[in-house]
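Student: Next comes the sequence, and after it the predicted model I'd like to discuss.
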Amino acid sequence: MSPVDEDILELFRVLGAGRLGAKIYCALLSSGQMTLSRLSEETGIVAPQLYQYLKRLETLGLIEVSRGKPNLYRAVSPDVLEAVYKEKLERVGKRALEKLRSMPRRVQADERSYGVFVLRSWRSFRARVLEEIKTANYDILMCGDSAFMKGYWDELEEKEKKGVNVYVILYEVPGIPLDEKAVRVTKVRRAVSGDIMAILDSKVALVAQRRIGPRDVPEYGLVVEEPVLVDYLEHEFFHRWLRGEVLRDSPLRLPSVFTVHRLAALEIRELLSKGRKLRATVYGRFVGTKNEAVLEGVVTGVTLDEKRGVTHLTLETPTGTVRVGGPDAILEEFAAYRVEVREVYG
């Protein structure tokens, strides 16, 4: 009998039947029902050992037995085996995941998650993106072709309904048609091919490159938790957003919360140009200090100068006029990591 294929062996290892179990099953599947002695001749496995493995396969539901003198054994169909395999994976996976989720995690007091981590599995990268989308609270920035975005529209739509600001740049990639009908959110632009990217709440970015072709997936992805790099990627996203062709652009729903300062400024400027009166609450620190602070006031203006790289809001507060920049603000009086904006009536 020829050696059993490695893929089949892997399947039987998962089922708990091992190499000999795979060999016995394949022999019965290819030759039909057999007695113990005939099967021993076919596989070269001695009768006592063979009998033990047959009992194991019977218990797993992978063979059928006709009791008699002698007993007859035959394999279940691959379709039945598939059902057994999936049921075991689901059962074992559920138990294992419950235990893993309840496992205590030791976090050292000085532990920092700042850094860049590499994911070598495209499947894991995609799952990681979805995981981060589900936990986002304020804003989500996504770049990708239609094939990449296909698995995220439902969750992005749900997030938008819950008040999260969602911005999507769809890339045109040769061999991957841009599917406008699949779009499920209200702020989408079209751009030329670029990096696959997801940025969430300004805390984490996931980045990969599609550089070979539509049928090839990236060999690796990056999980970026270093604030300086996340800010750089947000800046890159913003530039691409400004240059992109508008596909959808519904008015911002208020109240709204942003961690991406440049997008907040862009949206607030648009609302002010339509005569809307706005108040903002900003969280951060006064420039030159380290202590956390909260500032509230009426938004009286927006500066958004791409050539000089200057972006800030102007707030009229009880103590005077304050310019509010992003987290790395230097020229302004206040550096904000979160902006909450709402409309003033009357």
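Tutor: Looks like it arrived, so ask away.

Student: rest of the way, CA atoms for contacts and neighbours
Tutor: OK.

Student: Low-confidence stretches in the stretch 51-200 of the chain?
Tutor: For the stretch 51-200 of the chain, the stretches with pLDDT under 70 are 106-113.

Student: Just the strands from it, written as ranges.
Tutor: Assigned by DSSP state E, counting those that start in this stretch, the stretch 51-200 of the chain shows strands spanning 63-66, 72-75, 116-119, 139-144, 165-172, 187-192, 196-200.

Student: what packs against the following helix or strand past the last one?
Tutor: Right, strand 196-200. Going down the chain from strand 196-200, the next helix or strand is strand 204-208, by DSSP states H and E. Packed against strand 204-208, as judged by 3 or more CA pairs under 8 Å, 6 or more residues apart in numbering; DSSP states H and E, are the following elements: strand 196-200, strand 221-224, helix 227-243.

Student: Indicate which one of the strands of the stretch 51-200 of the chain is closest to residue 8.
Tutor: strand 72-75 (14.4 Å; CA to CA).

Student: Can you tell me which helices and strands that closest one packs against?
Tutor: When contacts are defined as 3+ CA pairs under 8 Å, 6+ apart, strand 72-75 sits against helix 18-31, strand 63-66.

Student: Out of the ones you listed, flag the one nearest residue 78.
Tutor: Here helix 18-31 is closest among these (CA to CA), at 8.7 Å.

Student: buried stuff in the closest one?
Tutor: 18, 19, 20, 21, 22, 23, 24, 25, 26, 27, 28, 29 (16 or more other CA atoms under 10 Å).

Student: looking at the helices and strands packed on strand 204-208, which is buried most?
Tutor: Among the helices and strands packed on strand 204-208, the stretch with the highest mean neighbour count (mean count of other CA atoms under 10 Å) is strand 196-200, at a mean of 24.

Student: Render the CA-only coordinates of that one in CSV, please.
Tutor: Output of strand 196-200 as CSV, limited to C-alpha atoms (Å, rounded to 0.1, in the frame of the first residue of the first chain):
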residue,chain,number,x,y,z
ILE,A,196,-3.8,47.9,3.1
MET,A,197,-4.4,49.7,6.4
ALA,A,198,-6.7,50.0,9.4
ILE,A,199,-6.2,52.6,12.1
LEU,A,200,-8.5,52.4,15.2
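
Student: Within the sheet, what are the partner strands of that strand, with directions?
Tutor: strand 139-144 (antiparallel), strand 204-208 (antiparallel) (DSSP bridges).

Student: before we move on, the earlier item: export the strands of the stretch 51-200 of the chain as CSV, with columns for distance to residue 290.
Tutor: Below are those laid out as CSV (distance: least, CA to CA, whole Å):
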stretch, distance to residue 290
strand 63-66, 70
strand 72-75, 71
strand 116-119, 26
strand 139-144, 25
strand 165-172, 28
strand 187-192, 35
strand 196-200, 25
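
Student: and residue 256, which of those strands is closest to it?
Tutor: strand 165-172 (7.7 Å).

Student: Go ahead and produce PDB holding the CA coordinates of that closest one.
Tutor: Provided in PDB are the C-alpha atoms of strand 165-172 (Å, rounded to 0.1, in the frame of the first residue of the first chain):
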ATOM      1  CA  ASN A 165     -16.800  57.700  12.800                       C
ATOM      2  CA  VAL A 166     -15.800  55.400   9.900                       C
ATOM      3  CA  TYR A 167     -13.700  56.600   6.900                       C
ATOM      4  CA  VAL A 168     -12.800  54.200   4.100                       C
ATOM      5  CA  ILE A 169     -10.400  54.700   1.100                       C
ATOM      6  CA  LEU A 170     -11.100  52.100  -1.600                       C
ATOM      7  CA  TYR A 171      -8.100  51.400  -3.800                       C
ATOM      8  CA  GLU A 172      -8.300  50.500  -7.500                       C
END
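
Student: Packing partners of that strand?
Tutor: Against strand 165-172 (3+ CA pairs under 8 Å, 6+ apart) you get strand 139-144, helix 153-161, strand 187-192, strand 256-258.

Student: a markdown table please, covering those and showing distance to residue 229.
Tutor: Converted to a markdown table, the helices and strands packed on strand 165-172 look like this (distance: least, CA to CA, whole Å):
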| stretch | distance to residue 229 |
| --- | --- |
| strand 139-144 | 15 |
| helix 153-161 | 24 |
| strand 187-192 | 22 |
| strand 256-258 | 18 |
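
Student: Thanks again, I'm all set now.
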